[in-house]
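Trainee: below is the structure, and that's it, no one-letter string:
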């Protein structure tokens, strides 16, 4: 009966993927004590129950820290020297705590300008600390400026609206998020342009825009382009301009120098997450149609609920942690954009967040992403998730696998598969390991289990040539025997035929 | 002369693309029983091609298997061909009866079915890089069947070559029309069903309230 039901469900999923998947997410039962459904996506894009890679450990609010409640905090940043910076937007201050989020180290609400005057922040929405210089970069949104200051609170540079022909004169300068690369270039996400992040040199000079999203290739865009080809200049001037969606958050992999951008707009499905190199080229271009976050949107009460990636963080192991504003979930991907874990949700318990798009920032900690911190502006608290044993094994295996140590990854993958038989990447990992070890039969078996015909094909090819080499003598002997039998049979038939013919003549 | 049993007729028509069907017609051979068997074989060959092939060629995962497309590609297409051909050729002075069109057309499909089964066996031996062998077998079967089908139409209606070409093209068009009408009819029935079902729920609701 149970099988029957699951069969029916699978059938439904094939026909009505979106609805069925949305429903099955809702009907999953959590495998552990998490107050949310722990699931993962299988190869067909169906949500299947999974083991938790992370569990919520504690929640830290402003009151817990003794700074007074946070008011709509918009950004969380963990510096290279393991301190947390919280942009407490509503209270117009930056709170610096230690790496365990237990003690407040400093509260920045006013700064000393180079001319000696004091200045206060006004609704700062972004904070960043350079790993090289230790300087603090603040997107002081409502003051229409960005501040770069020393850890002691003296401002070394103030960036305001650039006076450049490239920058639109009518555009207000509203910095949302800010970061700098190892060369000291400053990147600022503005909320009111689709051209990309404003890029400034280390001296504060406006260079241009950086890393804009591509326009989604919809039928309408293509049709407009076609009409523009044959339209007159006058007509062209009045035609629709195709504008991309703007990315509204980013993070930098300081070691490698790549900037990862995230787009929370639901208007487009392309370039939700980009990996941009210093030249501004998107290295995730081949993933432009990759579905980040939940694979299906849900519709109820006339509203569409789809994933909106509001922040991302690149872990020290290269994992991409995306925070979904709609569902309060963190989607963790490895550096090749393979989904590892899904954690979090909406609710009132520890590990869930207030609904209505209130989660604002995500940060990770540790060489293997041992902790994930999520900032909830609604509750004004940071929730700390810690890795489970299962999560650690998956991370170890993924890391070894992505670096090409297939055989070394075999054992962790086997552990993963023992604990979660649905974990497809474990099957792929084991298959690759056995392939490298020359155990092609086993490689085929696990490729089959992972439903990966390309991987199977590779192992099968090797297995076939091995088999042929081992049985070559037998095959040749068989061929010779068959040939001989055929000749004999032919002779025999001929004789019989002649005899019959002879008989008829007589 | 040419006193063949039914299985021998099948063999004869398949192996003699140009004269086989003329002989079949002349001796009034062929039987509907084989048509049923051949169409069933076509159905199973299509399924085998997707489900029994070597895993390296498996086109879709087990969970997504549905029998409907295979029924569509074998039985429904064949019936549409037969009906379409009969309808067109009746207007074009064809001599074939519905029964004969069924028999002749189905015999013509045999090379395609056999090539499909050969491919199923080959798929357990070959790897993806050697797909060209696959394609070779497939196209031999397809072209052979196409030739047979042409010759079958020509023989069953006693047409010239040019008229056969025209008849085949018109039949393909007729098939499109038939399938289009069938879809229309199905959706109409569905609408009628939904209408009565809505009526039923509405009445239930009124009774309760």
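Mentor: In hand now; what should we look at? From a predicted model like this one, the values you see are computed outputs, not experimental measurements.

Trainee: the spatially closest residue to residue A:239 that is not a sequence neighbour and chain B, how far apart?
Mentor: Nearest non-adjacent residue to residue A:239, counting by C-beta to C-beta, 6 or more residues apart in numbering or on different chains: residue A:228, 5.7 Å away. All C-beta spots, glycine's among them, are computed from the backbone N, C-alpha and C. Counting by C-beta to the nearest C-beta, to the nearest Å, the gap between residue A:228 and chain B amounts to 36 Å.

Trainee: before we move on, what SS does residue A:228 have?
Mentor: Classification of residue A:228 by DSSP: H, G, I helix; E, B strand; the rest coil places it in helix.

Trainee: test my guess that it contacts residue A:238.
Mentor: No - using C-beta atoms under 8 Å, residue A:228 is not in contact with residue A:238, being 10.6 Å away.

Trainee: how far away is residue A:477 from residue A:463?
Mentor: Between residue A:477 and residue A:463 the computed distance is 22 Å (C-beta to C-beta, to the nearest Å).

Trainee: of these two, which one has the most company?
Mentor: Neighbour tally, residue A:477 and residue A:463, criterion other C-beta atoms under 10 Å in any protein chain shown: the higher count belongs to residue A:463, 19 against 11.

Trainee: which SSE is the more buried one in?
Mentor: helix A:453-505 (DSSP states H and E).

Trainee: low-confidence bits of chain B, can you list those?
Mentor: B:1 (pLDDT under 70).

Trainee: quick one, helices of it?
Mentor: With DSSP state H as the criterion, chain B has helices at B:6-15, B:20-26, B:32-51, B:68-71, B:77-91, B:98-108, B:110-122, B:131-157, B:161-208.

Trainee: from those, which stretch is densest packed?
Mentor: helix B:98-108 (a mean of 23; mean count of other C-beta atoms under 10 Å in any protein chain shown).

Trainee: between that one and helix B:6-15, how big is the angle?
Mentor: For helix B:98-108 against helix B:6-15, the angle by axes from the mean of the first three to the mean of the last three C-alpha atoms, to 10 degrees is 70 degrees.

Trainee: and helix B:98-108, what does it pack against?
Mentor: With contacts taken as 3 or more C-beta pairs under 8 Å, 6 or more residues apart in numbering or on different chains; DSSP states H and E, helix B:98-108 sits against helix B:6-15, helix B:20-26, helix B:32-51, helix B:77-91, helix B:131-157.

Trainee: and for that helix, what's in contact with it?
Mentor: Contact with helix B:98-108 is made by B:10, B:13-14, B:21, B:24-25, B:30-32, B:34-35, B:38-39, B:78, B:81-83, B:85-86, B:89, B:96, B:145, B:148-149, B:151-153, B:155-156, as judged by C-beta atoms under 8 Å, 6 or more residues apart in numbering or on different chains.

Trainee: who does the helix holding residue A:463 touch, helix- and strand-wise?
Mentor: Checking 3+ C-beta pairs under 8 Å, 6+ apart, helix A:453-505 ends up next to helix A:424-437, helix A:440-449.

Trainee: mind listing what residue A:475 touches?
Mentor: So residue A:475 contacts residue A:468 (C-beta under 8 Å, 6+ apart).

Trainee: now do the one 4 residues further on
Mentor: Taking C-beta under 8 Å, 6+ apart as the criterion, residue A:479 is in contact with no other residue.

Trainee: for residue B:80, same thing?
Mentor: Residue B:80 neighbours (C-beta under 8 Å, 6+ apart): B:175, B:178, B:179, B:182.

Trainee: so between residue A:228 and residue A:238, which is more surrounded?
Mentor: residue A:228 (13 against 7).

Trainee: apart from its chain neighbours, what residue comes closest to whichever residue of chain B sits closest to chain A?
Mentor: In chain B, the residue that lies nearest chain A is residue B:56 (3.7 Å; C-beta to the nearest C-beta). Spatial nearest neighbour of residue B:56, chain neighbours left out: residue A:457 (3.7 Å); criterion: C-beta to C-beta, 6+ apart.

Trainee: what's the per-residue pLDDT of the one you found here?
Mentor: At residue A:457, the pLDDT value in this model is 94.

Trainee: repeat for residue A:251
Mentor: So residue A:251 comes in at 94 (pLDDT).

Trainee: relative to chain B, how far out is it?
Mentor: As judged by C-beta to the nearest C-beta, residue A:251 and chain B stand 35 Å apart.
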